[in-house]
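**Q** How does the following fold in three dimensions:
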Amino acid sequence: MKRWTVAPLTLLATSLMLVGCATTGSQYVTDQEYRLTILHTNDNHGRFWQNSRGEYGMSARMTLVERIRMEVEEQGGSVLMLSGGDINTGVPESDLLDAEPDFKGMTRIGYDAMALGNHEFDNSRDVLMKQAEWADFPFLSANIFKKGTNKTLFPAYQMFEVQGNRIAVVGFTTEDTQKIGNPEFISDLEFKTPVEVAETLIPKLNKKADLVIAVTHMGHYNNGAYGGNAPGDVTLARAVSGIDVIVGGHSQVPLFKPDVQNNTLILQAHEWGKYVGRLDLVVKNGDIVSYDYKLIPVNLKDRVKDEAGDSTYVLREAEIAQDLGMLAMLSSYQKQGGAALGTVVGQSDGLFVGDRSVVRNQATNLGVLIAKAQMVKTKADVGVMNSGGIRADLEGGDITYKEVLTVQPFANILTYVDFSGQELTEYLTASVNMAAGSGAFAQISGAEIKVANGKVTSMSVAGMAIDMNKTYRLAVNSYMASGGDGYPKISDHANFVDTGFVDADMLVEYIQNNSPLSVSDFEPGAAIERM
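**A** As a prediction, the model looks like this:
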């Protein structure tokens, strides 16, 4: 694969593996300026294929990356391609194939290293190891240890030699993986605090390397305000000196300029390959003397209205053509994944009601099923689902993946927030007052609420009155969390967590684990009693 390729008129050296091997290329020259371009993505979540509007997709990404490589190499520079992790989980066509198209696509593009994300542990260990074989680049994490040992599951770091410059790329993974991951797949692992590991490791790497780059899956939280999440990149940079660049992921935010903390440049490129981040560095005597940065949109489009008021989508920048070789490879996977959507994921003994005329006016067993599945996946106390996100009935008998996608077609992400009792009371009060007949109408599991004349007269969780001083977990989809349908916005709450799980996949998992479903177990009962 094309990684650290020696090109005419460049001084590009071959990669130096951890085991140590001879390198070629020029010798390092004191006081000489070297040019290194770091390209990066994060939180791919199965989006190997472009969406229905022709946005993102790995075929266009490859065209863009190859174009940048050619430009940089012609100018005597070198390119390093990195990922902030979470390649898994998000699109059925990828999920059903264990993300094979994504990892093989990344290999074809020429990624050099990747941080392990928490969603790399969504599958069994044998799947993860198979993915590592598909990937012609190292998975890195310095803080994931085999329990009871001092051995990491994957390499802590990788050394590269470029134009005589020694570059250490070290990985870190959010310690929250321990609590949000599937215990079945991580019970033999210990996720140590990244800062604790970095305090010992980074000084050692500084002695070995001219530059230290961290690829992380920890999240970027403004001013280190990580709330109920584990500490992220800002905390790491402030706590440990000697990291030149952090290429991050997990929080899925677009940083249009580096966040500079303790002389560390922190980067993140949103999600799904919507952008490729490009950091152009000038390095002299092991120091970054100047840099330029941008997020490059991959065929992203903005919605605009014409004079008649009709909406259309317009490219944000010039269109990036799809690489035909990559497109041909990915097409076969897209077809395989599409065919697999007919897979039976479970059974039920009757009809789960999602008909628009019903679900937007009253609580239904399907609304309760979805809200319950949200609770189980996030270990929440209460789940709330907007009825506009439920698009069809779920018939009795065999249930296929495609039928679940018909019920929940919007690929919203499962989120949760840890609320005080007072905050939960306020949120549920707003929820039960959403107008009947609208998509906002609330479907609720886990709470019992009585309403008289539009006012809440009592509210309880699991049969107990809400304690205003207690902490409760609320699970909702990302559309609601961002204020959609008029729900209170919670995505900016200090304790907000974006799990990365797509709602339909979450429901499929619940059906698989609890099949056959009995409709009698999901009757709305007195979740909301109106008088």
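**Q** So which residues of the stretch 301-450 of the chain form helices?
**A** Ranges of helices in the stretch 301-450 of the chain, per DSSP state H, counting those that start in this stretch, are 324-340, 356-359, 365-378, 401-407, 421-432.
**Q** Which stretch among the ones you listed is buried most, on average?
**A** A comparison of those by mean neighbour count, using mean count of other Cβ atoms under 10 Å, puts helix 365-378 on top with a mean of 25. In this view, the C-beta of every residue, glycine as well, is placed from N, C-alpha and C.
**Q** now for that one, which elements pack on it?
**A** If you count contacts as 3 or more Cβ pairs under 8 Å, 6 or more residues apart in numbering; DSSP states H and E, helix 365-378 packs onto strand 382-386, strand 413-420, strand 442-445, strand 471-477, strand 496-502, helix 503-514.
**Q** mind running it again at 10 Å?
**A** Helix 365-378 sits against helix 356-359, strand 382-386, helix 401-407, strand 413-420, strand 442-445, strand 471-477, strand 496-502, helix 503-514, with contacts defined as 3 or more Cβ pairs under 10 Å, 6 or more residues apart in numbering; DSSP states H and E.
**Q** between those, which gets nearest to Gln158?
**A** Ranking the helices and strands packed on helix 365-378 by their distance to Gln158 (criterion: Cβ to Cβ) puts strand 496-502 first, at 25.0 Å.
**Q** Tell me where the chain is predicted with low confidence.
**A** Within the chain, the stretches with pLDDT under 70 are 1-26, 526-528, 530-531.
**Q** Please parse it into its domains.
**A** Domains of the chain are assigned by automatic domain parsing as 35-336, 344-530.
**Q** Need those domains in a markdown table (columns: distance to Gln27).
**A** Shown next, in a markdown table, are the domains of the chain (distance: least, Cβ to Cβ, whole Å):
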| stretch | distance to Gln27 |
| --- | --- |
| domain 35-336 | 5 |
| domain 344-530 | 45 |
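**Q** picking that back up, looking at the helices and strands packed on helix 365-378, which one is packed in the most?
**A** Taking mean count of other Cβ under 10 Å, strand 382-386 is the most buried of the helices and strands packed on helix 365-378, at a mean of 28.
**Q** quick one, strands of the stretch 201-350 of the chain?
**A** 211-217, 245-247, 259-261, 264-267, 275-284, 287-297, 301-305, 311-315, 344-348 (DSSP state E, counting those that start in this stretch).
**Q** returning to what we had before: out of the helices of the stretch 301-450 of the chain, which is closest to Val195?
**A** When the helices of the stretch 301-450 of the chain are compared (using Cβ to Cβ), the closest one is helix 365-378, at 25.8 Å.
**Q** any idea of the angle the closest one forms with helix 503-514?
**A** In terms of direction (axes from the mean of the first three to the mean of the last three Cα atoms, to 10 degrees), helix 365-378 departs from helix 503-514 by 90 degrees.
**Q** Including distance to Met62, could the helices of the stretch 301-450 of the chain go into CSV?
**A** Below are these laid out as CSV (distance: least, Cβ to Cβ, whole Å):
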stretch, distance to Met62
helix 324-340, 5
helix 356-359, 41
helix 365-378, 34
helix 401-407, 28
helix 421-432, 44
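**Q** Let me know which of those helices is the nearest to Ser348.
**A** That would be, of those and by Cβ to Cβ, helix 365-378, which comes in at 9.2 Å.
**Q** Could I get the CA-only coordinates of the closest one as CSV?
**A** Presented in CSV, the C-alpha positions along helix 365-378 are these (Å, rounded to 0.1, in the frame of the first residue of the first chain):
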residue,chain,number,x,y,z
ASN,A,365,-46.3,-0.8,22.6
LEU,A,366,-43.8,0.0,19.9
GLY,A,367,-43.0,3.3,21.5
VAL,A,368,-42.4,1.6,24.8
LEU,A,369,-40.3,-1.1,23.1
ILE,A,370,-38.0,1.5,21.6
ALA,A,371,-37.7,3.6,24.8
LYS,A,372,-37.0,0.4,26.8
ALA,A,373,-34.3,-0.7,24.3
GLN,A,374,-32.7,2.7,24.8
MET,A,375,-32.7,2.2,28.5
VAL,A,376,-31.2,-1.2,28.4
LYS,A,377,-28.4,-0.2,26.1
THR,A,378,-27.4,2.8,28.2
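**Q** So that it lines up with my notes, have the first residue be 362 from now on.
**A** Done: numbering now begins at 362, and the last item shifts to helix 726-739.
**Q** what angle separates it from strand 774-781?
**A** 70 degrees.
**Q** now the angle from helix 726-739 to strand 705-709?
**A** 120 degrees.
**Q** Excluding sequence neighbours, find me the nearest residue to Arg527.
**A** Distances taken as Cβ to Cβ, 6 or more residues apart in numbering put Ala570 closest to Arg527, at 4.6 Å, once the chain neighbours are dropped.
**Q** Could I get the phi/psi values of Tyr518?
**A** For Tyr518, the backbone dihedrals (degrees, to the nearest 10) come out as phi -150, psi 170.
**Q** Pretty sure Asn624 sits against Ile607.
**A** No: Asn624 is beyond contact range of Ile607, at 11.4 Å (criterion: Cβ atoms under 10 Å).
**Q** Of those two, give the one with the bigger neighbour count.
**A** Neighbour tally, Asn624 and Ile607, criterion other Cβ atoms under 10 Å: the higher count belongs to Ile607, 28 against 12.
**Q** re the thing from before, tabulate the helices and strands packed on helix 726-739 (TSV), appending distance to Asp754.
**A** Shown next, in TSV, are these (distance: least, Cβ to Cβ, whole Å):
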stretch	distance to Asp754
helix 717-720	9
strand 743-747	15
helix 762-768	8
strand 774-781	22
strand 803-806	14
strand 832-838	19
strand 857-863	21
helix 864-875	14
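**Q** residues shared between the contacts of Asn624 and Ile607?
**A** Common neighbours of Asn624 and Ile607 are listed as Ala598 (criterion: Cβ atoms under 10 Å, 6 or more residues apart in numbering).
**Q** rewinding a little: can you pull the contacts of the residue nearest to Arg527?
**A** 518, 520-522, 526-531, 563, 603, 605, 647.
**Q** Any idea which of the helices and strands packed on helix 726-739 gets closest to Gln708?
**A** helix 864-875 (8.6 Å).
**Q** hey, C-alpha coordinates of that closest one in PDB?
**A** The C-alpha atoms that make up helix 864-875 are tabulated as PDB, following Å, rounded to 0.1, in the frame of the first residue of the first chain:
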ATOM      1  CA  ASP A 864     -31.000   3.700  16.900                       C
ATOM      2  CA  ALA A 865     -32.000   1.000  14.500                       C
ATOM      3  CA  ASP A 866     -28.900  -1.100  15.500                       C
ATOM      4  CA  MET A 867     -29.800  -0.600  19.100                       C
ATOM      5  CA  LEU A 868     -33.300  -1.900  18.500                       C
ATOM      6  CA  VAL A 869     -32.000  -4.900  16.500                       C
ATOM      7  CA  GLU A 870     -29.700  -5.800  19.400                       C
ATOM      8  CA  TYR A 871     -32.500  -5.600  21.900                       C
ATOM      9  CA  ILE A 872     -34.800  -7.800  19.700                       C
ATOM     10  CA  GLN A 873     -32.000 -10.400  19.200                       C
ATOM     11  CA  ASN A 874     -31.400 -10.600  23.000                       C
ATOM     12  CA  ASN A 875     -35.000 -10.800  24.000                       C
END
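**Q** Same list (the strands of the stretch 562-711 of the chain) but as a markdown table, adding distance to Lys540.
**A** Supplementary listing: the strands of the stretch 562-711 of the chain in a markdown table, determined by distance: least, Cβ to Cβ, whole Å:
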| stretch | distance to Lys540 |
| --- | --- |
| strand 572-578 | 15 |
| strand 606-608 | 23 |
| strand 620-622 | 26 |
| strand 625-628 | 24 |
| strand 636-645 | 29 |
| strand 648-658 | 31 |
| strand 662-666 | 37 |
| strand 672-676 | 39 |
| strand 705-709 | 26 |
